[in-house]
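Asker: Prediction below, plus the sequence it came from.
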Amino acid sequence: YQSTRKPKNFPPGPRWWPFLGSAPQVQFLRKKTGHLLLATSKLARKYGPIIGLKVGGEQIIIVHGAKALREFLGNEDLIGRPNRKPDTYRSWGKRLGIVMTDGDFWSEQRRFLVRHLREFGFGTNNMSTLLEEESQELVKYLLNETNGGEGVVSVPSLFSTPILNTLWRMLVGVRYDSGDPQLAKLHGILADMFKHMSMVGKLFVSFPILRYLAPEASGYNFYMDVHRRLIDFLYEAIDDHKQMYDPECPRDVMDLYLSMINFNCKLQNSTFSEQQLVITCMDMFIAGSETTSNTLGFCFLYLVLYPEVQRKAQEEIDSVLGRERAPTLSDRQQLPYIECIVWESMRMFVGRGFTLPHRAIRATKLCGYSLPKDVKVVGNFYDSSLGEECGLEDPSAFKPERYLKNGQVVIPDNIIPFGLGKRRCIGEALARGNLFLFITALLQRFNFSQMPNESPPSTDWEDGFTPRPKDFQVVVSER
Ligand code: HEM
């Protein structure tokens, strides 16, 4: 804590004060700009794309701009998950009665998920049918709300239930109706969790002493409690699942996982266990639910602000599908403008956030700087996707046509919403499938417009585990 000396050739950044490290300057800029993302981006203007911070006892590197981001995400020394050090994470795991996923565990778990999610659903007809059903459920819900005329709905919360359902069905084979008490419980837990999480870490991670001095005020008690609630929920789901489990006939990803536990139980060092299944489900929920529903939130925010984009999308849908035939994933090729809306919405979402935190598994170099083993590294997507320096024309405008070249969708190299390399997103197919189908199905049947006599919804956002548009209401009318 006391050390204010930076390691040799460490990335530049604001001065490190005893105990507080660079926190005072970062906090000052955060207050001034309104967001941590914009604060570190400002520091990058002064110090260059890689900045070295110290918060409490923890050194954190933040990477800005497409070139440096690509080098960071492609560096195989930087693929660790940051929960091996500080040891705090392990002690949390012990307190919660679980084994926390660290880098070694994760590579085996990740392989399992990538393989079985693909076999079971992602990118196959199974997935298409499931997503088509969920998007049509939302259409039905809105038809009911509008009742042949108009209605008012809140965004982004409109999308939380259907998106959670696509993920939950794939993992556990269960679908919840919108009024289901179990669904409400899961929603409540996840909403609490996301509000109180941050990619760059909570203050009590950087200053573990706060856990004892101010467990309530530092948010530590709340954090532990919300994890406990999610873990209990998942253990209940596993217990239910085991009652109907038939090894000959796996129904979903959880059944496949239970088979792995049975198969591997005699192997030493197997990473498959019920505790690990809980953690893996938590990872999937955390990574997969809000990301997609908030991207849809940004999409509809901009569709309301840019009615001409909405009209153009509807013309494309009408000419390819008409008003009656529901969209399927195989229509993507014929609907390039909608694909561009999907990419533009992902840019608007990702450009307001960070990558997941990574950890250096050994000492390494990044853009010429020396990074010590175990240092935490996080990518800031603002400069590469949304800031003035991202290289796109008028980057703050919602312009899906920027990706259309001679009728083809061409994505510039700086747009990497799913990351790259060994830690890249494993849910890309599911996310893009969901975005395409929900956007198409809704625009086929409805118009979305601003609330009359109110100022337009703000493009500012709320920070949390992922960026979220500020809640707003829209008028939905049947076409
Ligand atoms: C629009 C939706 C989504 C976006 C923009 C997105 C983006 C990302 C990004 C940027 C990363 C971090 C890459 C890195 O730090 O190197 C990531 C990781 C991850 N994503 Fe997604 N994601 C989305 C949806 C999903 C979905 C639906 C799932 C679940 C099925 C999912 C599962 C994961 C997992 C498990 C990781 C961690 C991978 C690892 O640490 O090895 N994501 N995602």
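Answerer: Thanks, I have the structure now. Residues are numbered from 1 along each chain as shown.
Asker: Contact residues of the chain facing the ligand?
Answerer: When proximity is defined as C-beta under 6 Å from any ligand atom, the chain approaches the ligand at 73, 110, 283-284, 287-288, 291-292, 295, 346, 349-350, 355-356, 417-419, 423-427, 430-431. C-beta coordinates here come from the backbone N, C-alpha and C atoms, glycine included.
Asker: Distance check, Tyr371 against the ligand.
Answerer: Careful, residue 371 is Leu; it's not Tyr. 16 Å (C-beta to the nearest ligand atom, to the nearest Å).
Asker: now that residue: how far from Ser160?
Answerer: Leu371 sits 37 Å away from Ser160, going by C-beta to C-beta, to the nearest Å.
Asker: any low-confidence regions in the protein?
Answerer: 1-3, 83-105, 119-125, 197-203, 205-206, 264-269 (pLDDT under 70).
Asker: Quick check, central residue of it?
Answerer: Of all residues in the chain, the one closest to the mean position by C-alpha atoms, centre = their mean is Thr291, 3.4 Å from it.
Asker: excluding its backbone neighbours, what's nearest that one?
Answerer: Closest residue to Thr291 apart from its sequence neighbours, by C-beta to C-beta, 6 or more residues apart in numbering: Thr466 at 5.5 Å.
Asker: what about the one you found, neighbour count?
Answerer: Residues near Thr466, counting by other C-beta atoms under 10 Å, number 24.
Asker: Quick one: residues contacting Phe285.
Answerer: Listed by C-beta atoms under 8 Å, 6 or more residues apart in numbering, the contact partners of Phe285 are Leu164, Leu167, Leu190, Leu230.
Asker: go on, Met346?
Answerer: For Met346, the contacting residues are Thr295, Ile415, Pro417, Leu435, by C-beta under 8 Å, 6+ apart.
Asker: Any buried residues in the helix or strand the first one falls within, and which?
Answerer: Counting by DSSP states H and E, the element that carries Thr295 is helix 274-305. Of the residues in helix 274-305, those buried by neighbour count under the rule 16 or more other C-beta atoms under 10 Å are 275-305.
Asker: tell me which element Tyr257 is part of?
Answerer: helix 253-264.
Asker: Can you list the buried residues in that helix?
Answerer: Val253, Met254, Asp255, Leu256, Tyr257, Leu258, Ser259, Met260.
Asker: again, but for stretch 47-67
Answerer: Result for stretch 47-67 [16+ other C-beta under 10 Å]: buried residues 47-66.
Asker: Now that stretch - C-alpha only, CSV.
Answerer: In CSV, the C-alpha atoms belonging to stretch 47-67 read as follows (Å, rounded to 0.1, in the frame of the first residue of the first chain):
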residue,chain,number,x,y,z
TYR,A,47,-0.2,9.4,-21.0
GLY,A,48,-0.8,7.3,-24.1
PRO,A,49,-3.0,4.2,-24.8
ILE,A,50,-1.7,2.0,-22.0
ILE,A,51,-2.0,3.5,-18.5
GLY,A,52,-0.7,2.1,-15.3
LEU,A,53,-2.8,2.7,-12.2
LYS,A,54,-2.6,1.6,-8.6
VAL,A,55,-5.8,1.4,-6.5
GLY,A,56,-5.0,0.5,-2.9
GLY,A,57,-2.6,-2.4,-3.1
GLU,A,58,-3.6,-3.4,-6.6
GLN,A,59,-1.9,-2.5,-9.8
ILE,A,60,-4.3,-2.2,-12.8
ILE,A,61,-3.4,-1.6,-16.4
ILE,A,62,-6.1,0.0,-18.7
VAL,A,63,-5.7,-0.4,-22.5
HIS,A,64,-7.2,2.1,-25.0
GLY,A,65,-7.6,2.3,-28.7
ALA,A,66,-8.0,-0.5,-31.3
LYS,A,67,-4.3,-1.1,-32.0
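Asker: In the stretch 201-350 of the chain, what residue lies closest to the ligand?
Answerer: Gly288 (2.8 Å; C-beta to the nearest ligand atom).
Asker: what about that residue, distance to Thr295?
Answerer: In terms of C-beta to C-beta, Gly288 sits 11 Å off from Thr295.
Asker: So which residues make contact with stretch 138-146?
Answerer: Residues from elsewhere that reach stretch 138-146 (C-beta under 8 Å, 6+ apart): 151, 153, 158-159, 162, 178, 326, 438, 441-442, 445-446, 476-478.
Asker: so which of these comes closest to Leu38?
Answerer: Comparing the contacts of stretch 138-146 against Leu38 with C-beta to C-beta places Phe159 closest, at 25.6 Å.
Asker: can you pull out the helices in the stretch 351-479 of the chain?
Answerer: Assigned by DSSP state H, counting those that start in this stretch, the stretch 351-479 of the chain shows helices spanning 382-385, 428-445.
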